[in-house]
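Asker: quick one, structure for this:
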Amino acid sequence: MDIPSLVDHLFRQEAGKIVAVLTRVFGIENLELAEDVVQDSLMEALEHWRFGGVPSNPPAWMYRVARNKALNIINREGYRRKYEKALSYETRSGLTSGPEIDDLFSDAEIRDDQLRMIFTCCHPAISPDSQIALALKTLCGFGIAEIARSFLTTDDNIHKRLVRARQSIRDSNVLFEIPQGGELETRLNTVLEMIYLLFNEGYSASKGEELIRYELCEEAIRLAQIIVANPAFQHKEDAHALLALMFINASRFRARQDEAGNLLTMAEQDRSKWDKDMLHVGIAHLSQATNNDRVSAYLSWRRSLSNIVSLRITPQRTGRASCRSMIP
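Answerer: From the prediction side, this is the model:
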């Protein structure tokens with residue numbers, strides 16, 4: 001992979017993680033600072049790796065550079081007073097120097113920080129239309145133009161939503177934390193809607209030459225899996241339903257296009273190309289989503305689970321079982 005492609009890949013895969021970690025370190029009040037320094041770090045990676053080679057652990061390299069850039073900005077005389085009160089205890093105590101960096105960048109810490117970021121973006125102090133836009137921009141690396149197309153609106157409108165969202169965070173003293181109790185379940189709906197939009201953007205891309213943007217779909221699935229894996233959630237039927245929708249749709253990726261790159265309807269697809277492992281995972285999540293009488297908004301299944309299993313795995317079987325957004 002060439003250097004520009006690698007940096008672009010890392011931006012989509014890692015930028016949201018690093019922003020989340022830096023936000024915990026430097027405070028949600030400094031969210032824009034975290035985003036700016038991550039962007040600067042990616043640009044530095046593009047230049048440094050071109051001449052010095054790619055490091056053995058690119059994400060960790062980027063985190064160290066981003067952390068150092070943020071500290072340098074804060075320590076400048078003109079910025080010290082602005083950011084000093086917002087700095088977390090970890091920063092003031094020097095936790096972000098030395099070997100402790102590896103602890104902050106561990107998989108468990110990153111997952112927790114991403115959950116904090118998701119629920120912070122979806123805080124009730126932020127208007128509903130701005131919540132998803134902020135989450136897509138901050139956590140998933142969406143550009144303003146991509147978000148605008150997802151909402152069928154203008155770039156300027158999305159920019160205003162993001163400005164309002166960040167202002168609401170400051171005005172309401174929103175905490176960078178995972179909500180507790182009933183508030184956690186209430187805010188989960190907005191989180192899942194954001195993940196659903198992310199998957200749809202990848203499943204039917206709104207820009208570029210690629211009709212399917214696999215990385216976006218993988219990111220959506222990964223975020224939903226973080227939610228399902230967290231023991232804080234007592235009711236996960238909607239999350240399982242969304243994962244069922246995404247896995248079952250993603251299982252048909254290889255069959256969705258012909259050799260010329262044209263999209264094929266389900267009836268036209270070669271079912272031998274469907275990914276049966278992903279299909280089985282999707283069906284397992286479907287089973288978890290249908291443990292009670294409640295039908296999730298993310299599914300419009302009208303057949304029993306046994307019929308769905310037969311339909312999906314046996315190419316000769318005919319019938320129809322649809323998800324909320326079963327795109328061809």
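Asker: neighbours of residue 116, just the number please.
Answerer: When counting by other Cβ atoms under 10 Å, one arrives at 20 neighbours for residue 116. C-beta here means a position set from N, CA and C on the backbone, and glycine is covered the same way.
Asker: residues touching the residue nearest to it when sequence neighbours are not counted, list them.
Answerer: If the residues on either side of it in the chain are set aside, residue 116 comes closest to residue 176, at 5.2 Å by Cβ to Cβ, 6 or more residues apart in numbering. Contact analysis of residue 176 by Cβ atoms under 8 Å, 6 or more residues apart in numbering lists 23, 24, 27, 28, 116, 117, 120.
Asker: next up, the contacts around the last one.
Answerer: Applying Cβ under 8 Å, 6+ apart, we find residue 120 in contact with 23, 28, 169, 174, 175, 176, 177.
Asker: which one of those residues sits closest to residue 259?
Answerer: residue 23 (44.8 Å; Cβ to Cβ).
Asker: how much space separates the closest one from residue 69?
Answerer: Residue 23 sits at a distance of 14 Å from residue 69 (criterion: Cβ to Cβ, to the nearest Å).
Asker: compare those two (neighbour count), which wins?
Answerer: residue 23 (23 against 18).
Asker: pull the CA atoms of the helix or strand where the more buried one lies into CSV?
Answerer: Assigned by DSSP states H and E, residue 23 belongs to helix 3-26. C-alpha atoms of helix 3-26 as CSV (Å, rounded to 0.1, in the frame of the first residue of the first chain):
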residue,chain,number,x,y,z
ILE,A,3,1.9,6.0,1.8
PRO,A,4,-1.1,8.3,0.8
SER,A,5,-3.4,5.3,0.7
LEU,A,6,-2.1,4.1,4.1
VAL,A,7,-2.6,7.4,5.7
ASP,A,8,-6.1,7.6,4.2
HIS,A,9,-6.8,4.1,5.5
LEU,A,10,-5.5,5.0,9.0
PHE,A,11,-7.6,8.2,9.0
ARG,A,12,-10.8,6.2,8.5
GLN,A,13,-9.8,3.4,10.9
GLU,A,14,-7.9,5.2,13.6
ALA,A,15,-8.6,9.0,13.7
GLY,A,16,-11.9,8.6,15.6
LYS,A,17,-10.1,6.4,18.2
ILE,A,18,-7.3,8.9,18.7
VAL,A,19,-9.7,11.8,19.0
ALA,A,20,-11.7,9.9,21.6
VAL,A,21,-8.5,9.1,23.7
LEU,A,22,-7.3,12.7,23.4
THR,A,23,-10.7,14.0,24.4
ARG,A,24,-10.6,12.0,27.6
VAL,A,25,-7.1,13.3,28.3
PHE,A,26,-7.8,17.0,27.5
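Asker: check the offset of that helix from the chain's centre.
Answerer: 12 Å (Cα atoms, centre = their mean, to the nearest Å).
Asker: tell me the centre residue of this structure?
Answerer: Centroid-nearest residue in the chain: residue 140, 4.2 Å away (criterion: Cα atoms, centre = their mean).
Asker: go ahead and confirm that residue touches residue 219.
Answerer: Yes. At 5.9 Å, residue 140 counts as touching residue 219 under the criterion of Cβ atoms under 8 Å.
Asker: relative to residue 109, how far out is residue 115?
Answerer: Residue 115 sits at a distance of 11 Å from residue 109 (criterion: Cβ to Cβ).
Asker: looking at the two, which one has more neighbours?
Answerer: It is residue 115, of residue 115 and residue 109, that has more neighbours when counted by other Cβ under 10 Å, with 21 against 16.
Asker: common neighbours of residue 140 and residue 219, please.
Answerer: The contact sets of residue 140 and residue 219 overlap at residue 198 (Cβ under 8 Å, 6+ apart).
Asker: tell me if residue 178 really is in a strand.
Answerer: No. Assigned with DSSP: H, G, I helix; E, B strand; the rest coil, residue 178 falls outside any strand and is coil.
Asker: okay, now the unreliable bits of this structure?
Answerer: 1, 74-75, 77-105, 150, 205-211, 234, 300-328 (pLDDT under 70).
Asker: contacts only, for residue 165.
Answerer: 121, 126, 127, 130, 131, 133, 134.
Asker: any idea how many residues pack against the fifth one?
Answerer: Yep, that's residue 131 we're talking about. Count around residue 131 with other Cβ under 10 Å applied: 25.
Asker: same question, the first one
Answerer: One way to gauge burial is a neighbour count; for residue 121, by other Cβ under 10 Å, it gives 26.
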